[in-house]
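Chemist: next comes the sequence, and after it the predicted model I'd like to discuss.
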Amino acid sequence: MLWMVIVRNCMCDCLCCVTLQSYAQYDNINARILLKVVILVIKLAKNVSSMSLKRKLQIMFITMMSACILFCFALFYVILESRMETNSIEKDKSNRVAITRNIDNIIGQINTVSRMLLLRDEVLKFLKSEKPDAAQYRRTIRDIHHLLNAAEVSCNVTLFRTDRKNVSTGPGITYIDTDIIFDTGWLDDIRDKKGAYVIKSDNSGAFASNIGRVITFSRVINDINTQREIGILAINIPCHFLESSYEGLDDDSSNFAIYSGDGYRISTNNVDMFERNIKPGETKSKIEKSIFRQDVLNIAPIDSGDFVLASRSKVEIVQGMTEELLLVVGAVILIMIVFLVLINAYVSRKVITPIHKLVGSMQEIEDGWLHRVSMDISNDEIGQLKNSYNAMLIEINHLIDELIKKEKNLRDVELETLLSQMKPHFLYNTLDMIRCLALEGETDQVYDLLETLGSFYRNFLSKGSVDIPLREEVQIVRDYLKLQKNRFGEILEDEYIIDETLDNIRVPRLMLQPLVENSIYHGIRPKGEPGVITIKTCRDAENLLVSVKDTGIGISEERRDLLVKGDLSGSFGFRGTIDRIKYYYKKEDVFEVNSVEGEYFEVLLKLPISAEFETTSKKIEE
């Protein structure tokens, strides 16, 4: 096995050299990318070869499972993609049929109203009389108004006589430019229809309404007996009437626009998606494909020819999924995964786990404690290795049992002392953060953090002293928060309101750091928004007052009372710190807790000031 490893490593090194030489000779970008990939694959192969057997099998299992799942999804995608185009076309077709039917209904209703108007007595009298008076105007308007109410149609109706006189009624105020209507070619296509209706958009300026844009339904009115033109009927339909034609069909995946026959946009549910106007007679059909969806754009006249409907339908690939297809693909994936899991479980149980336990037990020799391996395995090579190893451990453990017990007790005492002086997780996290900054080349920040970390632990340990000056205790907090701010970023801010005349007062070591740590992890971080920790020192007549306040989640009054009594679960760090302060000062009343739930939490320490400090302060002032 050794010679195989040597040969393999030599081959890899040679291949890397050849690859690098080839890389220097090629200038083509694609060739360079390919060579980089080859180098990366070789490096990965080297890393995999140095991994443990368990890790290799895990990588192989994950790779096989990923490949199987990707294959199933690729097959699933091919099937769905073939259905997606059919679904998109069918969806556009069904929407177009529904909208066309709705528009025909709307225009049909208006056409019916126009025919009924041509049969109204007052309308005909107004059109035929030589010189209608004011009363005739009123009767005509009232007659039209009654008809519109009976038909439940909210449109503006305008009747023009051949002498340009007109009456108009309906919702809102309609502005009429008779010069455009009679002096331009506005009436030409209407007269060419010889009584049939024509629909016009409002871009000509003939009609304008204060209730919004309108389309004009127009037709010539002929005398029944002589078939001579006696007037023009114009029904102005608000454009929002046509919005009801696609109501219920427009959503995030379907958008519509209705254009007049001359290409003027009348109505749309998405202004940004469709052009303001199109060319008269323009038609377009376009399918835009992407990986997981298709967009179908279709611009074509509706069956009646009076309007052009533009539709854009988006079809997601998931819309082609059926329950049967999902079940089949899911069953295939599940069967593959089950087989792979069973194979992995068998290999792991019969080979990897026994070897891993043996290796782990052997590695524990470095810690001075020997464990026997107890597991049920077959009497194969691994079983024989286990039995031989256990026999050796029995003899060794018999000889060193008493020594191990003594060493264990001593280690427990040392560990308890060490844990009371430093926080391993904090140290690990800080060093890991410094490592990342070093990799990124942030040398100035690395230097600053290392200096802060050194200052923190130098003051933290304090040569084992029970008490330290207040300024050193505050400095511990400053260093600690500086390190934590580099870790948590902008979520954490600190501020200090310090009375420097109190800096020399000796206080119990590490009384503030646990309180600040609680403010971070139980106050500010759970709140999920930036917060501020404020450290304040001052004094009253008898006590040194030290406040630690955070703008975190706070606690309720009930939980505050439990915390003060020492009955709140999960407050071991707080309770241990308060107990040390009480023991140091031989006094029970050394703190207060103030909090408003959701706003802030404050611990106020009330520490007695010794007479020695008072005497020293007076000498300094003198």
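Modeler: Now that the structure is in, tell me what you want to look at. These numbers were taken from a predicted model, which means no experiment stands behind them.

Chemist: can you give me the strands for the stretch 351-500 of the chain?
Modeler: 467-469, 492-497 (DSSP state E, counting those that start in this stretch).

Chemist: helix/strand/coil for Val308?
Modeler: Put simply, Val308 is strand when judged by DSSP: H, G, I helix; E, B strand; the rest coil.

Chemist: distance from the chain centre to stretch 111-120, please.
Modeler: Chain-centre distance of stretch 111-120: 58 Å, with C-alpha atoms, centre = their mean, to the nearest Å.

Chemist: show the average pLDDT along it.
Modeler: What stretch 111-120 shows for mean pLDDT is 86.

Chemist: quick one on the thing from earlier: least reliable of the strands of the stretch 351-500 of the chain going by mean pLDDT?
Modeler: Across the strands of the stretch 351-500 of the chain, strand 467-469 gives the lowest mean pLDDT, at a mean of 87.

Chemist: partners of it, with directions?
Modeler: strand 506-508 (antiparallel) (DSSP bridges).

Chemist: can you list the buried residues in the partner strand?
Modeler: 506-508 (16 or more other C-beta atoms under 10 Å). Quick note: C-beta positions are derived from backbone N, CA and C, even for glycine.

Chemist: quick one: contacts of it?
Modeler: Contact with strand 506-508 is made by 466-470, 473, 544, 546, 580-581, 584, 607, 613, as judged by C-beta atoms under 8 Å, 6 or more residues apart in numbering.

Chemist: try 7 Å
Modeler: Strand 506-508 has contacts (C-beta atoms under 7 Å, 6 or more residues apart in numbering) with 466-470, 473, 580-581, 584, 607.

Chemist: which is the succeeding secondary structure element to that strand?
Modeler: helix 513-519 (DSSP states H and E).

Chemist: hang on, the earlier thing: can you say which of the strands of the stretch 351-500 of the chain is packed in most?
Modeler: Greatest average neighbour count among those goes to strand 467-469 (a mean of 17), per mean count of other C-beta atoms under 10 Å.

Chemist: which residues are contacting that strand?
Modeler: With contact meaning C-beta under 7 Å, 6+ apart, strand 467-469 is reached by 462, 503-509.

Chemist: Ile99 - how many residues pack around it?
Modeler: 22 (other C-beta atoms under 10 Å).

Chemist: residue numbering should commence at 3 henceforth.
Modeler: With 3 as the first residue, the last one maps to Ile101.

Chemist: any idea how far Gln486 is from it?
Modeler: 62 Å (C-beta to C-beta, to the nearest Å).

Chemist: returning to what we had before: now the buried members of the contacts of strand 508-510.
Modeler: 470-472, 475, 582-583, 586, 609.

Chemist: mind picking the lowest-pLDDT entry from those?
Modeler: Arg582 (79).

Chemist: that residue should be in a strand, yeah?
Modeler: No. According to three-state DSSP, Arg582 belongs to no strand; its state is helix.

Chemist: and the closest residue to it other than its chain neighbours, what are its bridge partners?
Modeler: Leaving aside its chain neighbours, Arg582 sits nearest to Pro510 (5.7 Å; criterion: C-beta to C-beta, 6 or more residues apart in numbering). According to DSSP bridges, the residues that bridge with Pro510 are Asp469.

Chemist: how about the contacts made by Pro610?
Modeler: Neighbouring residues of Pro610 by C-beta under 7 Å, 6+ apart: 544-545, 587, 589.

Chemist: and the two most separated of the residues you listed?
Modeler: Glu544 and Tyr587 (11.9 Å; C-beta to C-beta).

Chemist: who has more neighbours, these two?
Modeler: Neighbour comparison, Glu544 and Tyr587: the larger count goes to Tyr587, with 17 against 9 (by other C-beta under 10 Å).

Chemist: burial count for Val605?
Modeler: By the criterion of other C-beta under 10 Å, Val605 has 23 neighbours.

Chemist: same thing with Arg278?
Modeler: Arg278 sits with 11 neighbouring residues when counted by other C-beta under 10 Å.

Chemist: next, the contact list for it, please.
Modeler: Counted by C-beta under 7 Å, 6+ apart, Arg278 has contacts Arg267.

Chemist: distance of it from Val216?
Modeler: Distance, Arg278 to Val216, by C-beta to C-beta: 17 Å.

Chemist: give me phi/psi at the residue nearest to the spatial centre of the chain?
Modeler: What sits nearest the mean C-alpha location of the chain, by C-alpha atoms, centre = their mean, is Gly530, with 15.9 Å. For Gly530, the backbone dihedrals are phi 80, psi 20 (criterion: degrees, to the nearest 10).

Chemist: same question, Glu132
Modeler: According to degrees, to the nearest 10, Glu132 has phi -70, psi -40.

Chemist: neighbours of it, just the number please.
Modeler: 5.

Chemist: could you list every residue that touches it?
Modeler: Counting by C-beta under 7 Å, 6+ apart, Glu132 makes contact with nothing.

Chemist: any idea how far it is from Thr164?
Modeler: 11 Å.

Chemist: again, but for Leu121
Modeler: Distance from Leu121 to Thr164, counting by C-beta to C-beta: 19 Å.

Chemist: now do Gly530
Modeler: Gly530 sits 77 Å away from Thr164, going by C-beta to C-beta.

Chemist: max pairwise distance over the contacts of strand 508-510: which two?
Modeler: Pro471 and Arg582 (17.2 Å).

Chemist: what is the burial count for Asp513?
Modeler: That one is not Asp; residue 513 is Met. Each residue near Met513 was counted by other C-beta under 10 Å, and the total is 24.

Chemist: need phi/psi at it.
Modeler: The phi/psi pair for Met513 (degrees, to the nearest 10) is phi -90, psi -20.

Chemist: what does the pLDDT read for it?
Modeler: For Met513, pLDDT reads 83.

Chemist: any chance you could map the helices in the stretch 103-252 of the chain?
Modeler: Using DSSP state H, counting those that start in this stretch, the helices assigned to the stretch 103-252 of the chain run over residues 123-130, 136-153, 180-185, 190-194, 242-245.

Chemist: does anything pack onto the shortest one? Which helices or strands?
Modeler: Same thing as helix 242-245. Packed against helix 242-245, as judged by 3 or more C-beta pairs under 7 Å, 6 or more residues apart in numbering; DSSP states H and E, are the following elements: helix 55-119, strand 267-270.

Chemist: which residues sit against the helix or strand hosting Leu329?
Modeler: According to DSSP H and E, Leu329 maps onto helix 325-349. Applying C-beta under 7 Å, 6+ apart, the contact partners of helix 325-349 are 59, 63, 66-67, 70-71, 74, 78, 81.

Chemist: could those go into TSV alongside distance to Tyr266, pLDDT and neighbour count?
Modeler: TSV is the format used below for those (distance: C-beta to C-beta, whole Å; pLDDT from 0 to 100; neighbours: other C-beta atoms under 10 Å):
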residue	distance to Tyr266	pLDDT	neighbour count
Leu59	70	71	17
Phe63	65	74	17
Met66	62	78	15
Met67	59	76	16
Cys70	57	77	17
Ile71	53	78	14
Cys74	51	74	18
Phe78	46	72	19
Ile81	44	71	16
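
Chemist: for the stretch 503-624 of the chain, give me the ranges with low pLDDT.
Modeler: 571-575, 613-624 (pLDDT under 70).

Chemist: so for Leu121 and Thr164, which sits in the more crowded spot?
Modeler: Thr164 (13 against 10).

Chemist: wait, doesn't the more buried one sit right on Gly233?
Modeler: Yes. At 6.5 Å, Thr164 counts as touching Gly233 under the criterion of C-beta atoms under 7 Å.
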